[in-house]
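Undergrad: Okay, predicted coordinates and the sequence, questions at the end:
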Amino acid sequence: MPVYEAPPVVEPLRSPPNRGNFRVISIVSRASLPKTKVGRLACAALALCVPFATSAETLADAIASAYDRNPQLVQQRYLQKARDEGYVQSRAQYGPTVTAQTQGQHTHITPLGFLATEGTSQETTLSITQPLYSSGRIRGQVAAAKAGVLGGREALRQTEQQVVQDVIQVYAGVLRDEARVEIGRENVTVLERQLQQNAKRHQYGDVTQTDVLQSDARLAAAQIQLAQLEANLAVSRAQYLQIVGHNPGNLDPLPQLGTLPPTIDDAFILADQNNPSLRIAEYSEAQSSANAAATRGEQGPTISLNGEGIYRNKGLFRVGGANAQREAVAAFTITQPIFSGGAVQSRIREADARNRADQAGIDIARRQALTSVTNAWVTLSSARVAVSTGQRQVESAQAAFAGMSCEELNGLRSTIETLNAEEELQSAQLSLLQSRYNVYVSHAALLAATGELSAQQIASGVTAYDPEANFKHVRVSGLTPLALIASSVDRIGSASPRGPLSADLSGANVPHPQNPGNLAASPDRELMNRHLTPITKSPLKLPNGDAARCPLNDIRGR
């Protein structure tokens, strides 16, 4: 009886969540279904239930996933919330401190030879302390905490940029390594056919044993290389999981990234203004400057207002009665350091030295930012050239290999010449894939160096995390009118949190790097994402420019 083969069973792809991808996981055993109308209808219904279209993951999808769940970003967001609380704690020093304490006591006395006596008592104390003046100590600490909050926002932005850059690298890396593995497999296939053909030809005395051994040696090297390429792909996929949060499925081609500055001088200006590492260094210097001002305040007096109410009574937890006592105390305290063995002056010198070091840190960060711009600029420019010329190299190498193959079969070329031509073709294809990768990641690196790379730039649907929202929520927590008054009074006669900034130390007079020239022309997206012609399908270029196949192609199996 005729049989009908059931279609394959499929299940959802596990890698990217909610993508609607499907893949074949097993084949149903060949069920013997009668080739009847009922059998055909049953199979047609089953086919309708099996989704066959796949939805590829885009770079925007990957960035959105990492932006939501990447642990580095999650960690940095919580660290920023902790910095916000540091500001609240510093500012809270201006406010009143209210404490209450209740003490219950039971006394039992047994004098020698006399009757024992015992009793209970209770004492409750309510204390209020309100700072009035700290010679700028608290003012400097609050300013340092605020600079820490602002610097933390730049650290968060830097982490966001790095995560986006990492996603781009692993996404492009998986695409590159998948293509490299295909080239490696093609290479093995070609050399297997070469070995088989030379073995047959050797039987007829057309080639020597040396030709066979040369083919076998190249095949062994290609198999080793393929194993390494597959290992590299596995590593890239693991890195994708680490950064994005899920395994890569079918990946869409790379999209266009953001617009670059027209000249490198414009890129330098953007880096001076927006590079997050440079902004972090500037806020670190502002923080140490404020800490130095707070340390100077240790030389001056502090004034605080104190109030205390005390309630005493016999017995525990009693209110009123003949034994009840109430006491109220109001006072102000002035404290003026007179001698500390040089400790205060030493701390001031230490704070000043740290601030000067942070000023030099601005210069370090600025030079690093400009160097990053230069490196990304020249790497991108050279990679663009490599893509354009590399495409031409691949096309020429493919035509040369196809011609060599035909000429070898006609006795015009040796085996080793054909093997070398195939090796040059494979090397050119691998090099072109690396150049495409370099173009993309260098473009992202240049955007990052200028501070212009963001998740929203690529994944427009991503809602940006706003660190200022949490700060606005907590910054007035516990704030009282007395704290506002005390903060205003504390400005009188105190050192400014913003100390002098040395232009030489901070690198304001350091010139930009020399202009390396304009960027090479950008290859279009079609060229960047063009599928490479498999080695086994390399076309033969005829003198008139037409493409053809070798007449003896059926013999070589190419």
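TA: Arrived safely.
Undergrad: Output the contacting helices and strands for the strand or helix carrying Ser405.
TA: Remark: Ser405 resides in helix 343-409, with elements defined by DSSP states H and E. Judged by 3 or more Cβ pairs under 8 Å, 6 or more residues apart in numbering; DSSP states H and E, the packing partners of helix 343-409 are helix 264-274, helix 276-296, helix 415-449, helix 525-529, strand 540-541, helix 553-556. From N, CA and C alone the C-beta is placed, and that goes for glycine too.
Undergrad: Strands of the stretch 451-558 of the chain, start to end?
TA: Taking DSSP state E, counting those that start in this stretch as the test, the strands found in the stretch 451-558 of the chain are 540-541, 547-548.
Undergrad: List the pairing partners of the last one within its sheet, with orientation.
TA: On the basis of DSSP bridges, the sheet neighbours of strand 547-548 come out as strand 540-541 (antiparallel).
Undergrad: ok now the partner strand, how far from the chain's centre?
TA: Relative to the chain's own centre, strand 540-541 is displaced by 46 Å; criterion: Cα atoms, centre = their mean, to the nearest Å.
Undergrad: same thing with stretch 155-170?
TA: A distance of 3 Å separates the C-alpha centroid of stretch 155-170 from that of its chain, computed with Cα atoms, centre = their mean.
Undergrad: got a list of contacts for that stretch?
TA: Residues outside stretch 155-170 that contact it (Cβ atoms under 8 Å, 6 or more residues apart in numbering): 59, 62-63, 66-67, 70, 72-73, 76-77, 79-80, 236, 239-240, 242-244, 257, 276-277, 280, 440-441, 444-445, 448, 451, 453-455, 458, 465, 467.
Undergrad: Mark which of these are buried, thanks.
TA: Among those, the ones that count as buried by 16 or more other Cβ atoms under 10 Å are 59, 62-63, 66-67, 70, 73, 76, 80, 236, 239-240, 243-244, 257, 276-277, 280, 440-441, 444-445, 448, 451, 453-455, 458, 465, 467.
Undergrad: Give the residue spans of this structure that score low on pLDDT.
TA: Residues of the chain that meet the criterion pLDDT under 70 lie in 1-55, 108-119, 315-322, 549-558.
Undergrad: Grab the most central residue of it for me.
TA: With distances taken as Cα atoms, centre = their mean, Val163 lies nearest the centre of the chain, 1.6 Å away.
Undergrad: Not including adjacent chain positions, what is the nearest residue to it?
TA: Leaving aside its sequence neighbours, Val163 sits nearest to Asn70 (Cβ to Cβ, 6 or more residues apart in numbering; 5.1 Å).
Undergrad: now swap in Ser506 and tell me
TA: Ile362 is the one closest to Ser506 (Cβ to Cβ, 6+ apart), at 4.3 Å.
Undergrad: quick one, what contacts that neighbour?
TA: Each residue near Ile362 by Cβ under 8 Å, 6+ apart is listed here: Leu278, Ala281, Glu282, Glu285, Leu505, Ser506, Gly507.
Undergrad: ok, the fourth one to Thr450 distance?
TA: Read it as Glu285. Between Glu285 and Thr450 the computed distance is 22 Å (Cβ to Cβ, to the nearest Å).
Undergrad: Surely the residue nearest to Val163 touches Leu241?
TA: No - if you go by Cβ atoms under 8 Å, Asn70 and Leu241 don't touch, sitting 11.5 Å apart.
Undergrad: so what does the longest strand seen in the chain touch, helix or strand wise?
TA: Longest strand in the chain by number of residues, with DSSP state E as the criterion: strand 117-133. When contacts are defined as 3+ Cβ pairs under 8 Å, 6+ apart, strand 117-133 packs onto strand 97-109, strand 302-314, helix 481-489.
Undergrad: Could you pull out the buried residues of it?
TA: For strand 117-133, the neighbour count (16+ other Cβ under 10 Å) marks Ser121, Gln122, Thr125, Gln130, Pro131, Leu132, Tyr133 as buried.
Undergrad: Then stretch 380-394?
TA: So for stretch 380-394, counting by 16+ other Cβ under 10 Å, buried means Leu380, Ser381, Ala383, Arg384, Ala386, Val387, Ser388, Gly390, Gln391, Gln393, Val394.
Undergrad: Does Thr210 lie in a helix or a strand, and which?
TA: helix 209-244.
Undergrad: tell me which strands and helices that helix is in contact with?
TA: helix 59-69, helix 137-203, helix 415-449.
Undergrad: Make JSON lines from those helices and add distance to Gln93 to it.
TA: Formatted as JSON lines, the helices and strands packed on helix 209-244 follow (distance: least, Cβ to Cβ, whole Å):
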{"stretch": "helix 59-69", "distance to Gln93": "37"}
{"stretch": "helix 137-203", "distance to Gln93": "5"}
{"stretch": "helix 415-449", "distance to Gln93": "39"}
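Undergrad: Dump the helices and strands packed on strand 117-133 to JSON lines, plus distance to Asp252.
TA: As requested, the helices and strands packed on strand 117-133 are exported to JSON lines (distance: least, Cβ to Cβ, whole Å):
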{"stretch": "strand 97-109", "distance to Asp252": "60"}
{"stretch": "strand 302-314", "distance to Asp252": "64"}
{"stretch": "helix 481-489", "distance to Asp252": "55"}
